[in-house]
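# this is the structure alone, sequence omitted:
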């Protein structure tokens with residue numbers, strides 16, 4: 001049985017108008033650190049509350065949580081200052097992993113160099129919101145209009161040797177296009193294609209109650225094959241998977257679409 005973690009004290013690493021970061025130390029000096037980034041929230045009206053992970057604490061891993069006051073992909077006038085603060089803090093740890101979903105996945109890639117990261121786990125991340133660079137990305141028009149193409153240019157901050165995982169649903173066309181560009185900038189990352197996982201691509205895992213798996217991958221330093229296997233196992237009982245498959249099959253493969261719709265309906269009834 002895991003030891004109960006000692007009470008952790010929140011340490012303010014950075015506190016600005018646009019960005020904030022807090023640290024919880026759970027392991028020995030110079031131990032492991034996981035940096036987490038919050039996700040896009042269409043109802044966001046400011047900074048969300050910090051909620052440290054007990055899972056990380058129980059494993060003796062410290063956590064640095066990064067939050068933004070707006071859905072700006074962590075790119076704003078305070079980006080350089082946060083990068084500097086992050087570099088100073090992360091230098092005191094022997095192994096740094098960054099973790100995030102969608103906007104948070106982009107944040108993990110954008111700040112990996114500043115953090116001196118050994119590993120990144122990015123779920124359905126974007127390579128940019130700059131319309132000139134990613135004209136296929138039309139899901140976030142308001143955010144794209146405010147996106148700084150220079151501060152947000154991953155090519156200027158890429159780490160070709162960075163290890164880790166970039167996971168995405170290849171049937172979500174913008175996510176596939178983003179992943180291809182990210183792979184060119186970060187060729188050391190392993191690819192996890194989670195078909196019909198949605199956006200973010202771990203929706204099937206969430207439906208199966210395994211939404212914490214990416215965090216486990218960060219803790220155990222497991223590879224993309226673990227994530228792919230878990231997705232395959234979870235999709236059998238995930239109505240959302242079959243619904244997305246049915247939509248994709250559509251008129252081109254009507255029999256498959258019909259079978260997928262029946263499977264989704266049966267799962268929905270079973271849960272009702």
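Yes, it's here. In this text the structure is predicted, and so the values were computed from the model without any measurement.

# hey, which helix is longest across the chain?
Looking across the chain with DSSP state H, the single longest helix is helix 254-271.

# against which helices or strands is that helix packed?
Packing partners of helix 254-271 (3 or more Cβ pairs under 8 Å, 6 or more residues apart in numbering; DSSP states H and E): helix 239-249. Heads up, the C-betas are built off the backbone N, CA and C, glycines and all.

# residue ranges of the strands in the chain, please?
Using DSSP state E, the strands of the chain run over 10-15, 19-24, 30-37, 62-68, 93-101, 119-123, 163-168, 189-193.

# please identify the deepest-packed of these.
Across the strands of the chain, averaging neighbours per residue (mean count of other Cβ atoms under 10 Å) puts strand 119-123 on top, at a mean of 27.

# angle of it against strand 163-168?
Here strand 119-123 runs at an angle of 0 degrees relative to strand 163-168 (axes from the mean of the first three to the mean of the last three Cα atoms, to 10 degrees).

# how far off strand 30-37 does strand 119-123 point, in degrees?
Per the same axes, to 10 degrees, the angle that strand 119-123 makes with strand 30-37 is 20 degrees.

# quick one: strand 119-123 to strand 189-193, angle?
Going by the same axes, to 10 degrees, strand 119-123 makes 20 degrees with strand 189-193.

# so which elements touch strand 119-123?
Packed on strand 119-123, when contacts are counted by 3+ Cβ pairs under 8 Å, 6+ apart, are strand 93-101, helix 103-110, strand 163-168, helix 213-220.

# and the closest residue to residue 28 other than its chain neighbours, what is it in contact with?
Nearest non-adjacent residue to residue 28, counting by Cβ to Cβ, 6 or more residues apart in numbering: residue 60, 7.5 Å away. Contacts for residue 60 (Cβ atoms under 8 Å, 6 or more residues apart in numbering) come out as 26, 27, 28, 31, 32.

# what residues of the longest helix of the chain count as buried?
Within helix 254-271, the residues that qualify as buried are 257, 260, 261, 263, 264, 267, counting by 16 or more other Cβ atoms under 10 Å.

# farthest pair in the residues you listed?
With Cβ to Cβ as the measure, no two of the buried residues of helix 254-271 lie farther apart than 257 and 267, at 15.8 Å.

# other residues contacting stretch 246-264?
The contact list for stretch 246-264, computed with Cβ under 8 Å, 6+ apart, reads 171, 196, 239, 240, 242, 243, 245.

# count of neighbours near residue 240?
Neighbours of residue 240 under the rule other Cβ atoms under 10 Å: 18.

# what does the pLDDT read for residue 131?
On the pLDDT scale, residue 131 is placed at 97.

# next one: it relative to residue 257, how far apart?
Residue 131 is 33 Å from residue 257, where distance means Cβ to Cβ, to the nearest Å.

# quick one: low-confidence ranges for this protein?
Regions of the chain meeting the criterion pLDDT under 70 cover residues 1-7, 270-272.

# apply 80 and report the result again.
Counting by pLDDT under 80, the chain shows low-confidence ranges at 1-8, 27-28, 251, 269-272.

# returning to what we had before: from the buried residues of helix 254-271, pick the one nearest residue 127.
For the buried residues of helix 254-271, the nearest to residue 127 is residue 260 (30.6 Å; Cβ to Cβ).

# burial count for the residue lying closest to the closest one once chain neighbours are set aside?
Closest residue to residue 260 apart from its sequence neighbours, by Cβ to Cβ, 6+ apart: residue 246 at 3.8 Å. Burial measure for residue 246: 21 neighbouring residues, criterion other Cβ under 10 Å.
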